[in-house]
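**Q** The sequence and its predicted three-dimensional model are supplied below.
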Amino acid sequence: MITNSIYNAPLPANTTILHRNAYIANLIGSGDACDYVAEQTMQTTYTRANLLSYYHVIQGSSTAPISHGIALSVSAEYYRVKVGSWFASIIIPIQQDSNERLVFLLQIMDGRDDAGFDLRCL
């Protein structure tokens, strides 16, 4: 399950979990399909460079969600990383005061499964 993959992943040192969220919806196009999303918002003492090194970024930054990910309401950079056997996005807001701890989001999406009679996905 994608929630176990993201919620049980090892955290960088001095990192605190602020929020966890998981939901099901039809996020891409229309039709009879479900997308499953799990995300975890964290706060760390790591610098942006150290954080990207920790998560072994495999695709450079983008200012739009990668691979149909969910956009944040603030300007952010999106990077593709691997969490266990899943591809995930690490999302870091562009604006961050130098004296603040870095707040970031780790997000996994698994989708395009047959919705059956699940009304959340129609």
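**A** Great, that's in hand. Since the structure is predicted, the reported quantities are computational estimates derived from the model, not experimental observations. Residues are numbered from 1 along each chain as shown.
**Q** how about the helices in the chain?
**A** In the chain, the segments counted as helices under DSSP state H are 2-7, 48-54.
**Q** Pipe the ones you listed into a markdown table and attach mean neighbour count, mean pLDDT and distance to residue 81 per row.
**A** C-betas here are computed from N, CA, C, even on glycine. Below are these laid out as a markdown table (neighbours: other C-beta atoms under 10 Å; pLDDT from 0 to 100; distance: least, C-beta to C-beta, whole Å):
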| stretch | mean neighbour count | mean pLDDT | distance to residue 81 |
| --- | --- | --- | --- |
| helix 2-7 | 16 | 80 | 11 |
| helix 48-54 | 15 | 87 | 8 |
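**Q** Relative to residue 106, which of the ones you listed is closest?
**A** helix 2-7 (6.0 Å; C-beta to C-beta).
**Q** Show me what that closest one packs onto, helices and strands only.
**A** strand 15-25, strand 33-44, strand 86-93, strand 102-114 (3 or more C-beta pairs under 8 Å, 6 or more residues apart in numbering; DSSP states H and E).
**Q** Including distance to residue 8 and mean pLDDT, could those strands go into CSV?
**A** Putting the helices and strands packed on helix 2-7 into CSV (distance: least, C-beta to C-beta, whole Å; pLDDT from 0 to 100) gives the following:
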stretch, distance to residue 8, mean pLDDT
strand 15-25, 11, 87
strand 33-44, 10, 84
strand 86-93, 12, 84
strand 102-114, 12, 78
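**Q** of all those strands, which lies closest to residue 52?
**A** Short answer: strand 86-93, nearest of the helices and strands packed on helix 2-7 by C-beta to C-beta, at 7.4 Å.
**Q** re the thing from before, in TSV, list the helices of the chain along with distance to residue 39.
**A** Converted to TSV, these look like this (distance: least, C-beta to C-beta, whole Å):
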stretch	distance to residue 39
helix 2-7	7
helix 48-54	16
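**Q** what's the closest of those helices to residue 93?
**A** Smallest distance to residue 93 across the helices of the chain (C-beta to C-beta): 10.1 Å, for helix 48-54.
**Q** ok, residues contacting the closest one?
**A** Here helix 48-54 makes contact (C-beta atoms under 8 Å, 6 or more residues apart in numbering) with 12, 44, 46, 79, 90, 92, 96, 102, 104.
**Q** Please consider this matter closed, and thank you.
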